[in-house]
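Asker: Sequence first, predicted model second:
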Amino acid sequence: MQILTDQFQKELKEHGDYQFPLLISNERLSKYDSNSFLWHWHPEIELTLITQGQMIYEINNEMFHLCQGEALFGNTGVLHTGHMYENMDCEYVSITFDPRLIYSYENSIFYLKYVSPFIQNLSLFSICFDLTKSWHKEIIKILNELVTIHQQQQDTYEIDVLIKLLEFWKVLYLNYDSTQTITSPEQYNYERIRSILSFIEENYSHKITLEEIADHIHICKGECCRIFKQYMKIPLFKFILEYRIEKSLKDLVASNDSIGDIAAKAGFGDSNYYSHTFYKVKGCSPTEYRKKALNHHK
């Protein structure tokens, strides 16, 4: 088997669902073709806890040699791959979650104070918990407790998971300087990407033109598209379409609004185009997604 991605290397597998966007899974490298998982990315944060063996883990341009008992934080949207060390198998737990589990809703104090400094820092690709610092042990302890919670599946499972994720984030916030940035010439381009993403976040519900985005960061349209695809590994307007789809999920699941109204609120001028795009991104129609979500919580 192998990780399935689209043509832009985005992983196709769902990591939980809109109501509880988290997936905890036991993995091993030998189950993948070539004993490694291919380069891919996803919008969720991923925590990788090594339970047996060793792994060579690469994130963007960074490489880590992870050993049993160590863990790695992979930020949102980073390209990553892993393969065996000296042909020895490696077992690990993957904990993948949408950061909104931590901050609840955008512009909340949790988002602005605690989460945004990490996920909006485009030079922060990863954090390795290799036990070289005392607080790493606390992180590993929390991750192991999270694995135990997942194994036991008590009635309060979701609450227990959330408590542990918040504990994890508290330790991370108190001990890691999220203001650290790279000093290479690429920093300027990361700031441009950050500015583009902020512009999309503020204007996705309206019509957005390439000229508006390029003017916002003061470069030509061609350079705007080139930089975005280079650093985000996806064409600019494909990203905007997928961003709008993700933004529409809350209204699709939590409201009785019509598909047309939801499409318009998410920035789609045509409900048929919304449905067509939704199917390409999610693999089902908006109506099917809504029914599935409602049936899941009956």
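Answerer: Nice, thanks for sending it over.

Asker: surely Arg194 meets Leu122?
Answerer: Yes - between Arg194 and Leu122 there is a contact at 5.5 Å, judged by Cβ atoms under 8 Å. C-beta here means a position set from N, CA and C on the backbone, and glycine is covered the same way.

Asker: So for those two, which residue has more residues nearby?
Answerer: Using other Cβ atoms under 10 Å, the more surrounded residue of Arg194 and Leu122 is Leu122, with 23 against 15.

Asker: residues contacting that one?
Answerer: Tyr190, Glu191, Ile193, Arg194, Tyr231 (Cβ atoms under 8 Å, 6 or more residues apart in numbering).

Asker: what about burial for those residues, which qualify?
Answerer: Tyr190, Ile193, Tyr231 (16 or more other Cβ atoms under 10 Å).

Asker: The first one and Asn144, how far apart?
Answerer: If you measure Tyr190 against Asn144 using Cβ to Cβ, to the nearest Å, the figure is 34 Å.

Asker: Just the strands from the stretch 101-250 of the chain, written as ranges.
Answerer: In the stretch 101-250 of the chain, the strands defined using DSSP state E, counting those that start in this stretch lie at 126-129.

Asker: Any stretches of it with poor pLDDT?
Answerer: Filtered on pLDDT under 70, the stretch 101-250 of the chain yields the residue ranges 181-187.

Asker: Let's see that with 80 instead.
Answerer: Counting by pLDDT under 80, the ranges of the stretch 101-250 of the chain that qualify are 122-123, 179-191, 194, 231-233.

Asker: leaving aside the residues next to it on the chain, what's closest to Tyr92?
Answerer: Ile50 (5.0 Å; Cβ to Cβ, 6 or more residues apart in numbering).

Asker: and the helix or strand harbouring the one you found, what does it pack onto?
Answerer: Assigned by DSSP states H and E, Ile50 belongs to strand 45-59. Contact here means 3 or more Cβ pairs under 8 Å, 6 or more residues apart in numbering; DSSP states H and E; on that basis strand 45-59 packs against strand 62-67, strand 71-74, strand 80-84, strand 90-97, helix 134-152.

Asker: How about the contacts made by the spatially most central residue of the chain?
Answerer: Computing the C-alpha centroid of the chain and ranking residues by Cα atoms, centre = their mean puts Glu44 first, at 1.7 Å. By Cβ under 8 Å, 6+ apart, the contact set of Glu44 is His15, Pro21, Thr76, Thr96, Phe97, Asp98, Pro99.

Asker: Can you select the buried ones from the residues you listed in ChimeraX?
Answerer: The following ChimeraX line selects those of the contacts of Glu44 that are buried, judged by 16+ other Cβ under 10 Å:
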select :15,21,76,96,97,98,99
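
Asker: Return the member of the contacts of Glu44 nearest to His83.
Answerer: Thr96 (19.1 Å; Cβ to Cβ).

Asker: Next, report how far stretch 238-252 is displaced from the centre of its chain.
Answerer: Distance of stretch 238-252 from the chain centroid (Cα atoms, centre = their mean, to the nearest Å) equals 14 Å.

Asker: the helices in the protein, which residues?
Answerer: For the chain, the helices defined by DSSP state H occupy 100-103, 109, 116-119, 134-152, 157-175, 186-203, 210-217, 221-232, 236-254, 259-265, 271-282, 286-296.
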